[in-house]
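>>> Provided below for reference: sequence and predicted model.
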Amino acid sequence: MATTVERSNITAQDLERAIKSKDNRWAILAALRFVLALIVMFPHTGSFANLPKPLHYIDSFSPITAVLVFLVISGYSIAHSINTERSGFYSRRLGRIYPLYFVCMVLTLIPFMVWGPSITFEKWPALSMPNIKEVIGNFALLEGFVVRKISAPTWSLTVEVLFYALAPILVLLRTRWLLLFVGISAIMFADAPTLYFIHKPMHGNAALMTGWAWVLGFLYYRHKDQPWAKNLLLVVGAIVIIQNRPEGRLAELTWLCATLLIIHAPEIRNLPARVSRTFVYLGELSYPLYILHFPVLVLLGANKAHHPWWVYVVTVFIVTIAAYHLIDAPYRKSVKRRASINWRAQAA
């Protein structure tokens, strides 16, 4: 089951200022992203190992609905980012997503180098080695457009990348045109017969069928103070999810609870600073958790290897935390340092 997790588009300084000013909006959304990542990660884990019943029931909250909420948060935060600072928008986005995406692609290819062109599992369907065109296409973020995906979670990331590319245009469009797209895309999603049909087709069909959620978040940021925008965010998604009946018995409840939290996050102002920082940290882990958990599960479960469920979960979190502290955070600090040096040079 494919998913996506969107990293916040807010800088560390923005988050620190928000904590000090008691505006906990971004901290709340960061914690929500982490919870959504868990809703995606545990059902994937259950496809490689037998989970205990309390964790098995997480699947009821619907990973595909978690993906749709991720897209809403992405659209909302991208709207904030591009309205706050358009300069360097594309380089900021690429710098935030690609280093760990590159690591994901490398981890995805390692099992084929070790075990050969076909990898079998006890529960998950066998995987076949991608050809060179598919490898290049996936490294270029073109899966779902011109090549098949080679790692389960990445289809939705390429949906987001498409809307990142379109964001400077979308910000110029009138609301009615964005609403028209939401309507067409939502109808396509509602009519999709299966989840497999949503993320498997080529030529950008996944973006057409799930883009309504991203554009809803984008629109909501534009009109967040207007009651109709809040109702649109809640009602449209719930109706589309009920009509589509995606996997998960509590899919519509997941949508309603998550979007209510998005709507009311700015009103939550009494969180202690320590709690806010914890939420922000969990949000920072959500992207590496999303992008890396599946290749780690594949590495552990290849050729029908037997491990208890907790080995999968603990390993995923070790890799997630290590990737954040050793790759993601240092890279972002280096980018910030170079930007600061360039700014001083231009100012001088």
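Yep, that arrived. Numbering: from 1, shown residues only.
>>> now the strands for this structure?
118-119, 127-128 (DSSP state E).
>>> for the last one, what is the distance to the chain centroid?
In this view, strand 127-128 has its centroid 24 Å away from the chain centroid, taken as C-alpha atoms, centre = their mean, to the nearest Å.
>>> just the first one next, same as before
Between the mean C-alpha point of strand 118-119 and the mean C-alpha point of its chain there is a distance of 27 Å (C-alpha atoms, centre = their mean).
>>> pairing partners for it, with directions?
strand 127-128 (antiparallel) (DSSP bridges).
>>> per-residue pLDDT, residue 330?
On the pLDDT scale, residue 330 is placed at 91.
>>> swap in the one 5 residues further on?
At residue 335, the model reports a pLDDT of 74.
>>> that one and residue 96, how far apart?
The gap separating residue 335 from residue 96 is 9 Å, by C-beta to C-beta, to the nearest Å. Placement of C-beta: from N, CA and C, glycine included.
>>> surely residue 104 meets residue 150?
No - using C-beta atoms under 8 Å, residue 104 is not in contact with residue 150; the gap is 9.8 Å.
>>> re earlier: mind checking which of the strands of the chain is nearest residue 30?
Nearest to residue 30 among these is strand 127-128 (32.4 Å), distances taken as C-beta to C-beta.
>>> more neighbours, residue 335 and residue 96?
Higher neighbour count among residue 335 and residue 96: residue 96, with 20 against 16, using other C-beta atoms under 10 Å.
>>> okay, the more buried one and residue 146: tell me how far apart.
From residue 96 to residue 146 the distance is 24 Å (C-beta to C-beta).
>>> ok, residue 311 next?
According to C-beta to C-beta, residue 311 and residue 146 sit 37 Å apart.
>>> where does the nearest residue to residue 179 once chain neighbours are set aside land on pLDDT?
The shortest distance from residue 179 to any non-neighbouring residue, by C-beta to C-beta, 6 or more residues apart in numbering, is to residue 219 (7.2 Å). pLDDT for residue 219: 97.
>>> quick one: residues contacting residue 219.
Counting by C-beta atoms under 8 Å, 6 or more residues apart in numbering, residue 219 touches 75, 175, 178-179, 182, 229, 232.
>>> hang on, residue 285 packs against residue 322?
No - between residue 285 and residue 322 there is no contact under C-beta under 8 Å: 10.9 Å.
>>> who has more neighbours out of those two?
More crowded of residue 285 and residue 322, by other C-beta under 10 Å: residue 285, with 21 against 13.
>>> sorry, back to before: could you dump the strands of the chain to JSON lines with mean neighbour count, distance to residue 85 and mean pLDDT?
JSON lines is the format used below for those (neighbours: other C-beta atoms under 10 Å; distance: least, C-beta to C-beta, whole Å; pLDDT from 0 to 100):
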{"stretch": "strand 118-119", "mean neighbour count": "16", "distance to residue 85": "44", "mean pLDDT": "92"}
{"stretch": "strand 127-128", "mean neighbour count": "16", "distance to residue 85": "41", "mean pLDDT": "92"}
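>>> separation between residue 318 and residue 272?
For residue 318, the distance to residue 272 - C-beta to C-beta - is 28 Å.
>>> same question but for residue 332, I mixed them up
If you go by C-beta to C-beta, the gap between residue 332 and residue 272 works out to 26 Å.
>>> between these two, who's got more neighbours?
Neighbour totals were compared for residue 332 and residue 272, and residue 332 leads with 19 against 10 (other C-beta under 10 Å).
>>> what's near enough to touch that one?
95-96.
>>> where does the chain have low pLDDT?
Low-confidence segments of the chain (pLDDT under 70): 1-22, 195-197, 199, 201, 338-348.
>>> how about a cut-off of 50?
1-9, 19-21 (pLDDT under 50).
>>> contact partners of stretch 40-50?
1, 3, 5, 51, 55-56, 58-59, 63, 66-67, 121-124, 152-153, 289-290, 293-294, 297, 300-301, 307-309, 311-313, 316.
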